[in-house]
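I'd like to go over a predicted model; first the sequence, then the structure.
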Amino acid sequence: MNERREPSLDGYPGDDRGEDHGAGTPVAARCDTLPAPPGTTVVLFGADGQARRPAPSAGKAPFAGKGETAWWFAPGPHTVALVPFAGAPELGLRLAFVIDTADPRLARQRFDLFLFSEVAGQAGSLSLADLAGRLEAALRAALAGGTLDLPPCTSLEEWQAFRAGLDELLYMRFGLTVDDCVPVELDDVDFAGVLRRRAAALALGADEPVPRSEPVAAPAAKPGAPVAGPDDAAALRRLFLELPEASRVLRLLPAPAFAARQAQLQRLALAALDVNTMPALAWAAPGRRRAFDEQRKLADASAQAVRALDELWSALAQMKVAAGGDDELDRIVANCECHLAARRGNAGGASSRSDAESRHP
């Protein structure tokens, strides 16, 4: 049986531009000294993350100021196939979306923030397959966390509620506007291969099945092995750039009680300040390096803080669609605070996390 063929590899039906919308086609790429492709939008990023979209200049390289980097992105429409449940790889969603145009009410567009925060620091381009993987991961996390619900034999009302939540999640998290989303039955699935990968994952002690597009998790690192510093830097970069934006979004949401919302905003502001003053991963003190095992623990804490940040975006999207959710928001912020304390090296980070999770089950 052949491997499943993603519908996203076949291009976007009905797109009259005749462009290749294959999975490897870049959706965005850096173009400091090269002209942007026709029909794309140019974004200039400053060193501080501020972005601006200059007027298009056909056939010319973007004029970047001192310290600025230039990127282009294709607004779309794009189409991808997502698998919402790893345990049911034959069932999927065909998602058609566009990258939102500039909103003059916003100082920084959400897609621009996503591009600078999650892509620009790690790669020189963003492919459609990479973007689809990020969308699928966000969808699965929202379903697992309960902020989205897609039950079996979904009724029309349940589907409409799911669509409203998904649309808001993808706009708030990535700056994408969903044109269409329909359930589809994907092409042939190699069920034997799925079972082999699950068996391999269980042999390695993994808790969840491994989807087709993801490699089997590697065994735990041996004590004393070097630590991947760039992963920690990428996590802190996201927290540094996105926590202030999350605070701005929260400030615009209706508040059931002013004092409670003010306390939430203060906690997010303190978390952002904590990130801004985070000590280096490799150095415990001037002239004294951290042990590799300690570095690994700190890097794991920053990764957990980023997971809490993703949960925060999902919760904010849900709060915008439906009222309530402040208890869940308090739980997420508490977990983020505990992970940041653990990243700083505070001994009470783990116990504080347990206390927070017991208060907010």
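Looks like it arrived, so ask away.

so where's the stretch 101-250 of the chain uncertain?
Residue ranges of the stretch 101-250 of the chain with pLDDT under 70: 186-191, 194, 205-229.

any chance you could map the helices in it?
Counting by DSSP state H, counting those that start in this stretch, the segments of the stretch 101-250 of the chain that form helices are 110-114, 128-145, 156-174, 191-203, 229-252.

hey, which of these is tucked in deepest?
Of all the helices of the stretch 101-250 of the chain, helix 110-114 has the most neighbours on average by mean count of other CB atoms under 10 Å, namely a mean of 23. The way it works is simple: take the backbone N, C-alpha and C, and place the C-beta from them, glycine included.

so what secondary structure elements neighbour it?
Judged by 3 or more CB pairs under 8 Å, 6 or more residues apart in numbering; DSSP states H and E, helix 110-114 is in contact with helix 156-174, helix 229-252.

which residues are in contact with it?
43, 45, 49, 51, 53, 73, 99-100, 171-176, 241-242, 245 (CB atoms under 8 Å, 6 or more residues apart in numbering).

could the helices and strands packed on helix 110-114 go into a markdown table alongside distance to L309?
Shown next, in a markdown table, are those (distance: least, CB to CB, whole Å):
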| stretch | distance to L309 |
| --- | --- |
| helix 156-174 | 10 |
| helix 229-252 | 6 |
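
looking at these, which is closest to L93?
L93 lies closest to helix 156-174 among the helices and strands packed on helix 110-114, at 8.5 Å (CB to CB).

elements contacting that closest one?
Under the contact definition 3+ CB pairs under 8 Å, 6+ apart, helix 156-174 sits against helix 110-114, helix 128-145, strand 176-185, helix 292-321.

mind redoing it with 10 Å?
The contact analysis (3 or more CB pairs under 10 Å, 6 or more residues apart in numbering; DSSP states H and E) places helix 156-174 against strand 91-99, helix 110-114, helix 128-145, strand 176-185, helix 229-252, helix 292-321.

circling back: so which of the helices and strands packed on helix 110-114 gets nearest F63?
Evaluated with CB to CB, those place helix 229-252 nearest to F63, the distance being 24.4 Å.

What residues of the helix or strand just after the closest one count as buried?
Sequence-wise, the next helix or strand downstream of helix 229-252 (DSSP states H and E) is helix 258-276. Within helix 258-276, the residues scored as buried using 16 or more other CB atoms under 10 Å are R261, Q264, L265, R267, L268, A271, A272, D274, V275.

quick one: P244 from P38, how far?
35 Å (CB to CB, to the nearest Å).

typo on my end, V27
Separation of V27 from P38 (CB to CB): 15 Å.

Which strand residues bridge A70?
Counting by DSSP bridges, A70 is bridged to L44.

Domain parsing of the protein, as residue ranges.
Under the assignment automatic domain parsing, the domains of the chain span 7-185, 229-359.

nearest to R198, of the ones you listed?
Proximity to R198 (CB to CB) singles out domain 7-185 among the domains of the chain, at 9.3 Å.

Need the pLDDT of R17.
Looking at R17, its pLDDT reads 31.

closest to R344 among the buried residues of helix 258-276?
Closest to R344, out of all of these and judged by CB to CB, is D274, at 7.0 Å.

what about the closest residue to the closest one other than its chain neighbours, distance to W159?
Leaving aside its chain neighbours, D274 sits nearest to L340 (4.8 Å; criterion: CB to CB, 6 or more residues apart in numbering). Look at L340 and W159: by CB to CB, they are 38 Å apart.
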